[in-house]
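[1] Dropping the sequence and predicted coords here.
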Amino acid sequence: MNGDLLSPEEPKREIAVGPLVWGAILIVIGAGWLLATLGVANIPWRAALAAVLIVVGVALLVATARGPAPEGLFTAGVVLSIVLALLSTANAAFSLPLSGGIGDRQVDPTIATLETEYRLVAGQLDIDLSDVDFPPGETRVEVSVTFGRIYIHGIPDDVAVSIDSRITAGELSVLGSRWDGISIDQTKTEAGFATAPRRLTIEARVGFGQIEVTR
């Protein structure tokens with residue numbers, strides 16, 4: 001009789017698909033948030049959610065080929081699909097701005113650094129125009145925040161202003177006039193705007209939140 005004991009064959013270790021997928025999702029979200037916070041890139045979050053949905057879909061295919069798919073992955077896929085559908089519907093129905101970064105942003109431009117568009121997904125966008133030496137003629141600026149607040153101030157007294165504002169739900173305060181509620185769509189143009197030598201036209205859009213414009 002052979003006295004040597006045969007060691008049992010170790011079971012083949014299978015890779016858990018669920019944790020790998022959730023790890024990939026966290027990496028995608030974390031990387032996008034970090035880039036937006038550092039100002040390296042403004043991530044279109046609908047594209048990021050779509051990328052995550054693709055990751056979940058591929059993982060479901062792989063998991064199904066090996067056996068029953070984890071219920072958590074299926075649930076995540078359904079939830080992401082619903083969120084993307086709602087965002088697309090909201091964008092079409094309410095013209096919600098859905099591009100830009102996340103977090104509070106302070107902007108203090110000069111005429112050389114003044115941009116024609118400022119976008120934010122969520123947070124407060126604070127724009128101080130007191131250092132801008134506006135040129136003769138009309139200057140146009142578009143500002144949008146999906147969830148949060150737009151605060152524009154420091155407009156020079158010798159610059160005439162026309163402000164086209166739209167909010168899906170929230171509060172609007174423009175040069176002393178105030179509105180609140182849902183589907184707010186107001187345009188306020190100062191007297192003499194058309195003949196003023198220096199004019200500023202602002203198009204402000206907020207999904208849910210507040211717009212405030214002051215001198």
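    The structure has been received and is ready for your questions.
[2] ok, which stretches of the chain are strands?
    Ranges of strands within the chain are 101-102, 105-107, 117-128, 137-153, 160-174, 177-189, 198-213, based on DSSP state E.
[3] Mean pLDDT per helix and strand in the protein: which one sits at the bottom?
    Within the chain, no helix or strand scores below helix 71-94, which has a mean of 59 by mean pLDDT, DSSP states H and E.
[4] For the chain, which residues score under the pLDDT cut-off?
    Along the chain, segments meeting pLDDT under 70 span 1-53, 55, 59-99.
[5] Show me this protein divided up by domain.
    The record's domain parsing of the chain by automatic domain parsing lists 17-94, 101-213.
[6] now the end-to-end length of the last one.
    The reference is to domain 101-213. 21 Å (CA to CA, to the nearest Å).
[7] what does stretch 148-164 give?
    Rule used - CA to CA; the end-to-end distance of stretch 148-164 is 18 Å.
[8] Give me the buried positions along that stretch.
    148-152, 155, 159-164 (16 or more other CB atoms under 10 Å). Where you see a C-beta, it was placed from the backbone N, CA and C, and this is true even at glycine.
[9] which residues are contacting it?
    The contact list for stretch 148-164, computed with CB atoms under 8 Å, 6 or more residues apart in numbering, reads 120, 122-132, 134, 143-144, 174-175, 186-190, 192-193, 196, 198-204, 206, 209-215.
[10] Using ChimeraX, make a named selection holding only the buried ones among those.
    Listed next is the ChimeraX selection for buried residues among the contacts of stretch 148-164, using 16+ other CB under 10 Å:
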select :120,122,123,124,125,126,127,129,132,134,143,144,174,186,188,196,199,200,201,202,203,204,206,209,210,211,212,213
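[11] any chance of the strands of the chain in JSON lines, plus distance to V58?
    Output for the strands of the chain, formatted as JSON lines (distance: least, CB to CB, whole Å):
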{"stretch": "strand 101-102", "distance to V58": "26"}
{"stretch": "strand 105-107", "distance to V58": "35"}
{"stretch": "strand 117-128", "distance to V58": "26"}
{"stretch": "strand 137-153", "distance to V58": "28"}
{"stretch": "strand 160-174", "distance to V58": "34"}
{"stretch": "strand 177-189", "distance to V58": "40"}
{"stretch": "strand 198-213", "distance to V58": "31"}
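[12] Quick check: which of those is nearest to G57?
    With CB to CB as the criterion, G57 lies closest to strand 117-128 of the strands of the chain, at 24.0 Å.
[13] CA-only coordinates of that closest one, as CSV, when you get a sec.
    Only the C-alpha atoms of strand 117-128 are listed here, as CSV (Å, rounded to 0.1, in the frame of the first residue of the first chain):
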residue,chain,number,x,y,z
GLU,A,117,-20.3,79.8,-23.4
TYR,A,118,-20.1,78.7,-19.8
ARG,A,119,-21.6,75.3,-18.9
LEU,A,120,-22.0,73.3,-15.7
VAL,A,121,-24.0,70.1,-14.9
ALA,A,122,-24.4,70.6,-11.2
GLY,A,123,-23.2,73.3,-8.8
GLN,A,124,-23.0,77.1,-8.7
LEU,A,125,-21.6,79.1,-11.7
ASP,A,126,-20.5,82.5,-10.4
ILE,A,127,-19.5,85.0,-13.1
ASP,A,128,-18.0,88.4,-12.1
